[in-house]
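Participant: this one's sequence-less:
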């Protein structure tokens, strides 16, 4: 019985060592910075209309591109996640409408007027922030969904 316990313990320790090696290698290669969630011309995270929220994402270790409007973003750029966080429903709805045609982009939009919530969803927003709701809840949701 003792031999079985010792062998089991050693097996768990060896398994843990290899898992930690994989995690260290992932972090040494830049973690998420080499994935689709990094800022690059071919993919990443785009934040429109909110410098403060872009700073919050950077503080959480997420590299992102920041712009005031969608028209200031290169047409050939593709983003995996887009945050439409302007103070204007018109601007945010137009962003949702324009990005809806881009397959594979997860859209988070700020809705200032709760009466427009269904319009945001119809135009392709995957997650809608009401009023001055912050990204904290969205970041927690995204983090949990990636596990």
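Facilitator: Alright, I've got the coordinates. A quick note: this is a predicted structure, and the numbers were derived from the prediction, not measured. Residues are numbered from 1 along each chain as shown.

Participant: for the chain, longest helix please?
Facilitator: Longest helix in the chain by number of residues, with DSSP state H as the criterion: helix 2-28.

Participant: Can you list the low-confidence ranges for this protein?
Facilitator: 26-43, 75-76, 101-103, 142, 145-147 (pLDDT under 70).

Participant: mind checking the longest strand of it?
Facilitator: Counting by DSSP state E, the longest strand found in the chain is strand 106-111.

Participant: From the chain's centroid, how far away is it?
Facilitator: Relative to the chain's own centre, strand 106-111 is displaced by 11 Å; criterion: CA atoms, centre = their mean, to the nearest Å.

Participant: Same check on stretch 3-17?
Facilitator: Worked out by CA atoms, centre = their mean, stretch 3-17 lies 37 Å from the chain centre.

Participant: mind starting the numbering at 26 from now?
Facilitator: With 26 as the first residue, the last one maps to stretch 28-42.

Participant: following the longest strand of the chain, which helix or strand shows up next?
Facilitator: helix 142-147 (DSSP states H and E).

Participant: Distance of the one residue sitting closest to the centre of the chain relative to residue 89?
Facilitator: Centroid check for the chain by CA atoms, centre = their mean gives residue 106 as the closest residue, at 5.3 Å. Distance, residue 106 to residue 89, by CB to CB, to the nearest Å: 8 Å. All C-beta atoms are positioned from the backbone trio N, CA, C, and that covers glycine.

Participant: what's the strand or helix carrying residue 108 packed up against?
Facilitator: Using DSSP H and E, the element containing residue 108 is strand 106-109. Here strand 106-109 touches strand 70-73, helix 114-124, strand 131-136, going by 3 or more CB pairs under 8 Å, 6 or more residues apart in numbering; DSSP states H and E.

Participant: May I see the buried residues of that strand?
Facilitator: Neighbour counts over strand 106-109 (16 or more other CB atoms under 10 Å) mark 106-109 as buried.

Participant: Next: stretch 120-135.
Facilitator: 120-121, 123-124, 130-135.

Participant: same check, this time on stretch 87-103
Facilitator: 87-91, 95, 98, 103.

Participant: want to try JSON lines for those, with secondary structure and distance to residue 148 as columns?
Facilitator: Below are those laid out as JSON lines (DSSP: H, G, I helix; E, B strand; the rest coil; distance: CB to CB, whole Å):
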{"residue": "87", "secondary structure": "coil", "distance to residue 148": "24"}
{"residue": "88", "secondary structure": "coil", "distance to residue 148": "27"}
{"residue": "89", "secondary structure": "coil", "distance to residue 148": "22"}
{"residue": "90", "secondary structure": "strand", "distance to residue 148": "22"}
{"residue": "91", "secondary structure": "strand", "distance to residue 148": "22"}
{"residue": "95", "secondary structure": "helix", "distance to residue 148": "13"}
{"residue": "98", "secondary structure": "coil", "distance to residue 148": "18"}
{"residue": "103", "secondary structure": "coil", "distance to residue 148": "19"}
